[in-house]
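J.: missing the sequence, but the structure's below:
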């Protein structure tokens, strides 16, 4: 009986250690400024080893950084899933990104993706 309890306790401890929180995605420090929406022809990409975690890539292979609404997080299982503040998956790697709101200068534009 002691062996069964020990094995069960060990399994619970391993599961708890693996329950790492989802990392937060880059967000604006304040409210989203008013801006005009733009259309894009890109897909969502990401990597757990990249400091920004998620970005979009256009049809020519150019990378564009994304700023997310507050509370959005990334999960890799093994591919990228973007979760909203309530924990619902709203984007996945390979999803088409057809629009958003651009802020920043022409040398470093950022696209704000709206919640789905």
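T.: Yes, it's here. Computed from a predicted model, the values in this text were never measured in an experiment. Residues are numbered from 1 along each chain as shown.
J.: Just the buried positions in the longest strand along the chain, please.
T.: When the chain is parsed with DSSP state E, its longest strand is strand 37-46. Using 16 or more other CB atoms under 10 Å as the test for burial, strand 37-46 gives 40, 42, 44, 45, 46. C-beta here means a position set from N, CA and C on the backbone, and glycine is covered the same way.
J.: what sits up against whatever helix or strand comes next after that strand?
T.: Downstream of strand 37-46, the first helix or strand assigned by DSSP states H and E is strand 54-58. The contact list for strand 54-58 (CB atoms under 8 Å, 6 or more residues apart in numbering) reads 25, 40-46, 63-66, 68, 74, 80, 82, 91, 97, 111.
J.: go with 7 Å
T.: 25, 40-46, 63-66, 74, 80, 82, 97, 111 (CB atoms under 7 Å, 6 or more residues apart in numbering).
J.: Adjacent strands (with direction) for it?
T.: strand 37-46 (antiparallel), strand 63-67 (antiparallel) (DSSP bridges).
J.: Now it: average pLDDT?
T.: For strand 54-58, mean pLDDT is 93.
J.: surely residue 96 meets residue 43?
T.: Yes: between residue 96 and residue 43 there is a contact under CB atoms under 7 Å: 5.9 Å.
J.: Noted, bye for now.
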